[in-house]
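J.: how would this look folded up:
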Amino acid sequence: MSLNIDGEYDIRNINQKSFENEAKKLGLGKGIATQHFLSMVEKFEMALEQSTYELEEQGYGVAVDIQKQILKKAGIHNFKLTNS
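T.: Residues are numbered from 1 along each chain as shown. A predicted model of the protein is given here:
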């Protein structure tokens, strides 16, 4: 199953503005969209950090390399505040 945000399916192309536009389409305010966006970003980064730590503790030495690749290629670079 897939879903889109502001008509975009590719996570690499989704950013804060995408969330704001989608919220507007749904009749929600920009503030609530920004709040949810920032919460998602924070939780993603924390979950990735925790997962990396747990994998390292279990002896998976490549966990940090995988984490770096996810941060580099998975679109997380878009998950930062954009200028309005």
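J.: Could you pull up the mean pLDDT of stretch 34-44?
T.: Stretch 34-44 comes out with an average pLDDT of 84.
J.: tell me the SS of residue 59?
T.: When the structure is split into helix, strand and coil by DSSP: H, G, I helix; E, B strand; the rest coil, residue 59 lands in coil.
J.: Need phi/psi at it.
T.: For residue 59, the backbone dihedrals (degrees, to the nearest 10) come out as phi 100, psi 10.
J.: Show the model's pLDDT score for it.
T.: According to the predicted model, the pLDDT of residue 59 comes to 96.
J.: Distance check, it against residue 38.
T.: When C-beta to C-beta, to the nearest Å is the yardstick, residue 59 and residue 38 sit 34 Å from each other. In this view, the C-beta of every residue, glycine as well, is placed from N, C-alpha and C.
J.: neighbour-wise, which of the two wins?
T.: The residue with more neighbours, out of residue 59 and residue 38, is residue 38; 15 against 7, by other C-beta atoms under 10 Å.
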